Structure formats: structure tokens, C-alpha cells
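Asks: Need coordinates for the following:
(one chain, ligands or ions: 1)
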Amino acid sequence: MKPTTIDDCKLIEIDQIGDRRGHISVVENNREVPFEVKRVYYLYDVPSGEERGGHAHKELQQLIVAVSGSFDIVVDDGTKKETFSLNRPNKGLYFPAGLWREINNFSSGAICLVLASHTYDENDYIRGYQDFISYKQR
Ligand code: TYD
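Replies: Just a heads-up that it's a prediction; the model follows:
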């Protein structure tokens with residue numbers, strides 16, 4: 001069994017610096033995120049009822065933030081499932097490698113910001129659920 005479980009996911013509170021003009025939140029390498037950020041991407045214009053994700057990664061670690069709106073991340077470690085709801089720009093989900101995830105329940109205008117530990121590599125994906133289960137049992 002590959003060791004990562006849902007318990008390795010962590011909701012991370014990101015400091016808010018604010019005054020009457022609004023707020024700033026900052027994420028720095030090896031501080032708010034326990035890795036070096038090598039890539040940033042974001043999901044937006046997700047139509048109501050659509051689902052993203054539906055895969056796992058072998059090495060990639062991520063911090064996922066709802067910088068606008070809200071959505072749910074359903075995490076599956078091959079044994080159990082848990083849903084994390086993200087709805088604040090100062091709260092992130094640290095997401096280690098080796099977990100299946102689906103992202104759904106996007107609100108209108110939601111933006112899902114992802115800070116990632118590696119550049120894009122299709123070979124790092126496990127895109128089939130049965131492949132994921134086999135990978136965890138190896
Ligand atoms: P994918 O990771 O499957 O999206 P999601 O998890 O949000 O459902 O990626 C969708 C498409 O975008 C796929 O064709 C690969 C491409 N892509 C890149 O080219 N670079 C990237 O950094 C990412 C995340 C995706």
C-alpha cells in the first residue's frame with residue numbers, strides 16, 4: 001500500500017493582511033506550502049454541475065485555494081473518501097501525491113488556484129480509477 005492517506009491532506013490557514021482597502025494573502029515556498037512552487041495554474045469559467053480532476057499524481061504536491069467563490073474537493077485514498085469545502089481566499093488545502101481527487105460543486109465565478117511542486121508532466125498522472133487502486137496496492 002502506498003502510504004499517503006486522507007490524513008496527510010491539511011487545511012492551511014493563510015495569513016490575511018488587511019485594512020479598510022481590502023486584504024492581501026501571501027504564500028511563500030517552504031512556509032505556507034511545504035514545497036517549492038514550480039507551477040501555478042487556475043480553473044475558472046467552470047459551468048454549473050461540471051466536475052474537474054478525476055485523477056491522481058505520483059509525485060506532484062499541490063496547494064489548492066478558492067481565490068474566488070467556492071467548490072468541493074472529494075479526496076479518495078483508495079480506502080476512504082473525504083470532502084473538503086473551500087470557500088475562502090485565505091484557506092488552502094495541502095494535497096500530497098498519491099491521492100485521487102475530484103473537484104465539484106463549483107459556485108458561479110469560482111476560481112480554483114493551484115500551486116504545484118513540479119512543472120506539467122503527463123507521466124505523473126494516474127487517470128484511471130482502477131489504475132489508481134492497483135497503484136495503491138502495489
Ligand atoms: P487536467 O489536469 O486533466 O485538468 P483538471 O484536473 O482540472 O480536470 O488538465 C486539463 C488539460 O490541460 C489537459 O489536456 C492537460 C492540460 N494541462 C496542461 O497543459 N498544463 C498544466 O499545467 C495542466 C494542469 C493541465
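Asks: Give the residue spans of this structure that score low on pLDDT.
Replies: 1-2 (pLDDT under 70).
Asks: 90 - rerun?
Replies: Across the chain, the ranges flagged by pLDDT under 90 are 1-3, 30, 138.
Asks: Using the centroid of it, identify the residue furthest from it.
Replies: residue 20 (30.3 Å; CA atoms, centre = their mean).
Asks: distance of it from residue 99?
Replies: 40 Å (CB to CB, to the nearest Å). Where C-beta positions appear, they are placed from N, C-alpha and C, glycine not excepted.
Asks: now residue 90
Replies: Relative to residue 99, and taking CB to CB, residue 90 is found at 23 Å.
Asks: Residue 33 too?
Replies: 16 Å.
Asks: returning to what we had before: neighbour count: residue 90 and residue 99, which is higher?
Replies: Neighbour count, other CB atoms under 10 Å: between residue 90 and residue 99, residue 99 has more, with 22 against 18.
Asks: which residues sit in contact with that one?
Replies: 4, 5, 6, 8, 9, 56, 75, 76, 77 (CB atoms under 8 Å, 6 or more residues apart in numbering).
Asks: possible to save these as CSV with secondary structure and distance to the ligand?
Replies: CSV is the format used below for those (DSSP: H, G, I helix; E, B strand; the rest coil; distance: CB to the nearest ligand atom, whole Å):
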residue, secondary structure, distance to the ligand
4, coil, 18
5, coil, 21
6, helix, 18
8, helix, 19
9, coil, 16
56, strand, 10
75, strand, 13
76, strand, 14
77, coil, 18
